[in-house]
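> sequence unknown, structure follows:
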């Protein structure tokens with residue numbers, strides 16, 4: 001009897017201990033009867049979670065606690081229960097329903113056990129509603145972020161840095177593929193973003209990583225090669241996330257912007273600024289050339305003028321006579337040289353007339369032969385004496401520029417410069433290659449060298465203004481552009497072919513004109529003379545003296561002045577005294593055109609001839625429009641000024 005009482009007491013204590021532990025558990029627990037499919041017992045936490053009392057639980061089954069929302073229906077619950085009964089413990093998330101009908105998330109752990117020789121199912125249930133709410137909020141946040149990140153033009157990335165230094169790409173926005181053509185998976189397969197960086201800039205991301213490892217944010221720019229081979233400029237703004245506990249870099253967050261268009265705009269701006277600088281330089285050279293031409297023409301006027309004055313005093317056939325003739329001839333060549341300078345500076349009037357190109361080529365090659373190094377040989381093959389409509393000085397400029405270009409290509413190793421001039425017929429075969437030309441007869445000028453040649457991508461740009469393959473300081477890139485412009489104005493075309501490492505050939509095609517030179521029999525008409533009184537005005541005393549002697553030798557009565565103001569006062573006093581006024585253009589205080597305007601206002605019928613070495617103020621058309629009878633360029637030969645004077649006076 002005593003032993004039975006002790007056993008009962010022990011059972012009560014055990015039951016009390018079980019109940020205390022059962023109700024003290026933080027998780028809800030219920031015991032399920034597998035024979036009657038009812039809940040036998042639930043702890044206090046289960047009662048709080050479901051709203052049922054322990055007594056009410058005896059009338060419930062597991063399906064009564066199911067939400068009934070697919071896929072969390074009673075049928076689904078029975079599947080897990082069945083698996084647990086078969087000895088396979090189950091752990092799953094479930095949407096449950098309490099007594100009031102409220103739905104909430106739980107995590108259920110089912111395990112079969114034996115209590116008092118009967119099979120039971122023990123369920124441990126944990127309320128995970130808060131965790132689910134956080135997970136759902138996080139999922140929505142990620143979706144919102146992903147949607148926004150897909151819309152922005154930049155792409156963002158995140159790298160996780162492992163303790164061993166390994167860098168793992170955790171995520172990247174969809175703009176990566178739009179910009180580079182690569183997916184995140186392709187980037188990872190190629191070893192990471194750095195593998196996409198253009199080789200010549202590979203050091204930049206390495207320096208960027210070093211700064212990030214020192215806990216410093218970075219902004220760097222570099223080039224990349226896209227999937228289809230295009231080169232893009234990128235601006236990469238990266239920020240480190242530092243692990244203070246471990247004292248190391250743990251994450252890298254960054255945003256990458258495509259700045260290709262910005263870079264192109266900057267390059268274009270730089271190119272335009274460079275071109276503006278070149279244009280301003282050319283303008284300055286032109287201004288300088290004009291000033292030099294003015295002074296040089298005055299010097300030439302003295303040389304040619306005094307030589308022409310001395311020539312009649314020398315006996316024909318003597319050394320003195322021949323020397324004076326050579327001085328006059330050299331002066332004429334110098335005059336043409338000044339005209340070329342003015343053409344270069346775009347200050348000269350460009351006169352198109354029939355030009356015999358073969359003569360200009362021979363003259364240019366004579367000049368070149370003396371200036372080329374001995375390692376370069378000149379071969380000429382002149383087979384045509386046809387005429388083209390052009391400005392002679394510009395044709396000379398074309399030849400000199402093409403030959404200078406050939407010389408530069410052969411400067412280092414020497415070679416052969418070949419110049420060929422032939423006639424070609426524009427037939428159907430020719431037209432297929434030069435469709436921009438009209439049918440007819442053409443002059444073909446070929447200039448070729450045996451230099452280093454050019455690749456095709458340079459040939460395509462060779463006529464672009466300011467484009468040059470020469471070192472800085474060796475060329476402006478304007479020579480071939482000028483050639484192209486001259487040839488185009490002559491209604492011709494220019495082509496180029498080049499073999500890298502071997503040769504370059506320029507072919508110029510100019511339309512032939514039908515008119516031919518008249519017979520070159522030397523015949524000089526008598527120099528025109530006269531007896532009229534002429535007022536000669538020039539601020540250069542030497543020019544005035546030469547002019548006076550020249551005009552007096554022609555029979556004219558000459559009055560001179562070196563001041564335009566004095567000349568005007570003299571003319572005001574005696575306007576009927578003079579039959580003609582010859583004035584320089586560039587003079588201090590009162591320029592030639594202004595003086596002419598005042599003279600014509602005083603005496604409208606007075607003929608005025610303006611002479612100039614160079615002037616940016618007036619050209620021949622403007623002079624004639626304001627009533628000036630003739631406009632001549634210094635230095636003026638005796639025969640030319642004599643003819644001009646008679647033409648003007650006889651026109652009255």
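Received, thanks. Quick caveat, the model's predicted, so the values are computed rather than measured.
> can we go C-alpha only for contacts and neighbour counts from here?
OK.
> Can you name the next helix or strand after the lowest-mean-pLDDT helix or strand in the chain?
Lowest by mean pLDDT, DSSP states H and E among the helices and strands of the chain is helix 428-433, with a mean of 56. Downstream of helix 428-433, the next assigned helix or strand under DSSP states H and E is strand 441-449.
> how about the helices in the stretch 251-400 of the chain?
If DSSP state H, counting those that start in this stretch is used as the criterion, the helices of the stretch 251-400 of the chain fall at 260-310, 319-344, 357-371, 392-410.
> Quick check, central residue of the chain?
Closest residue to the average C-alpha location of the chain: residue 268 at 4.0 Å, with C-alpha atoms, centre = their mean.
> Tell me the confidence at that residue?
Note for residue 268: predicted pLDDT of 78.
> what are the ranges of the helices in the stretch 451-600 of the chain?
For the stretch 451-600 of the chain, the helices defined by DSSP H, counting those that start in this stretch occupy 456-459, 479-489, 541-553, 564-573, 592-602.
> Any chance of a markdown table for those helices, columns distance to residue 298, mean pLDDT and mean neighbour count?
As requested, the helices of the stretch 451-600 of the chain are exported to a markdown table (distance: least, C-alpha to C-alpha, whole Å; pLDDT from 0 to 100; neighbours: other C-alpha atoms under 10 Å):
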| stretch | distance to residue 298 | mean pLDDT | mean neighbour count |
| --- | --- | --- | --- |
| helix 456-459 | 44 | 66 | 12 |
| helix 479-489 | 29 | 78 | 18 |
| helix 541-553 | 7 | 89 | 19 |
| helix 564-573 | 17 | 93 | 16 |
| helix 592-602 | 15 | 91 | 18 |
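> export those to JSON lines and tack on distance to residue 77?
JSON lines is the format used below for the helices of the stretch 451-600 of the chain (distance: least, C-alpha to C-alpha, whole Å):
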{"stretch": "helix 456-459", "distance to residue 77": "75"}
{"stretch": "helix 479-489", "distance to residue 77": "87"}
{"stretch": "helix 541-553", "distance to residue 77": "122"}
{"stretch": "helix 564-573", "distance to residue 77": "120"}
{"stretch": "helix 592-602", "distance to residue 77": "113"}
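> Excluding covalently adjacent residues, which one is nearest to residue 497?
Residue nearest to residue 497 in three dimensions, not counting chain neighbours: residue 505, with 5.4 Å by C-alpha to C-alpha, 6 or more residues apart in numbering.
> related to what we said a few turns ago, what separates the residue nearest to the centre of the chain from residue 55, distance-wise?
Distance from residue 268 to residue 55, counting by C-alpha to C-alpha, to the nearest Å: 87 Å.
> can you check residue 599 too?
Residue 599 is 134 Å from residue 55, by C-alpha to C-alpha.
> Ok, residue 158 next?
Counting by C-alpha to C-alpha - residue 158 and residue 55 are separated by 56 Å.
> Now do the contacts for residue 232.
Going by C-alpha atoms under 8 Å, 6 or more residues apart in numbering, residue 232 touches 223, 224, 225, 226, 258, 259, 260.
> Neighbour count says what about those? Which are buried?
Buried members of the contacts of residue 232, scored by 16 or more other C-alpha atoms under 10 Å, are 223, 224, 225, 226, 258, 259.
> now those as a markdown table including distance to residue 594 and pLDDT?
Shown next, in a markdown table, are the buried ones among the contacts of residue 232 (distance: C-alpha to C-alpha, whole Å; pLDDT from 0 to 100):
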| residue | distance to residue 594 | pLDDT |
| --- | --- | --- |
| 223 | 62 | 84 |
| 224 | 65 | 82 |
| 225 | 66 | 81 |
| 226 | 67 | 82 |
| 258 | 62 | 86 |
| 259 | 58 | 88 |
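> any chance of those residues in a markdown table, plus distance to residue 358?
Below are those laid out as a markdown table (distance: C-alpha to C-alpha, whole Å):
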| residue | distance to residue 358 |
| --- | --- |
| 223 | 53 |
| 224 | 55 |
| 225 | 53 |
| 226 | 55 |
| 258 | 57 |
| 259 | 55 |
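> which among the residues you listed gets closest to residue 119?
Checking those against residue 119 by C-alpha to C-alpha gives residue 226 as the nearest, at 67.0 Å.
> Leaving out sequence neighbours, find the closest residue to that closest one.
Residue 226's closest residue in space is residue 180 (C-alpha to C-alpha, 6+ apart), at 4.6 Å.
> okay, now the one you found: neighbour count?
Neighbour count of residue 180, defined by other C-alpha atoms under 10 Å: 20.
> Could you check how far it is from residue 501?
In this view, residue 180 and residue 501 are 37 Å apart by C-alpha to C-alpha.
> Output the below-cut-off pLDDT ranges for the stretch 501-650 of the chain.
Scanning the stretch 501-650 of the chain for pLDDT under 70 picks out 515-525, 613-620.
> Next step: the buried ones among the contacts of residue 232 restricted to strands.
Residues of the buried ones among the contacts of residue 232 located in strands (DSSP state E): 223, 224, 225, 258.
> Can you name the two of those that sit furthest apart?
Within these, 225 and 258 form the most distant pair, 12.3 Å apart (C-alpha to C-alpha).
> re the thing from before, what's the per-residue pLDDT of the residue nearest to residue 226 here?
pLDDT recorded at residue 180 is 79.
> Can you list the low-confidence ranges for the stretch 301-450 of the chain?
336-351, 427-436.
> mind running it again at 80?
Scanning the stretch 301-450 of the chain for pLDDT under 80 picks out 301-302, 305, 309, 329-352, 367, 369-371, 393, 426-439.
> Go through the ones in strands among the buried ones among the contacts of residue 232 and name the one nearest residue 612.
residue 223 (58.1 Å).
> distance of residue 442 from residue 321?
For residue 442 relative to residue 321 (C-alpha to C-alpha), the value is 43 Å.
> Compare these two (neighbour count), which wins?
Neighbours per residue, other C-alpha under 10 Å: of residue 442 and residue 321, the larger number sits with residue 442, 23 against 18.
> Now do the contacts for the closest residue to residue 409 other than its chain neighbours.
Closest residue in space to residue 409, ignoring its immediate chain neighbours: residue 451 at 4.7 Å, by C-alpha to C-alpha, 6+ apart. Each residue near residue 451 by C-alpha under 8 Å, 6+ apart is listed here: 406, 409, 410, 413, 414, 415, 501, 502, 503, 504.
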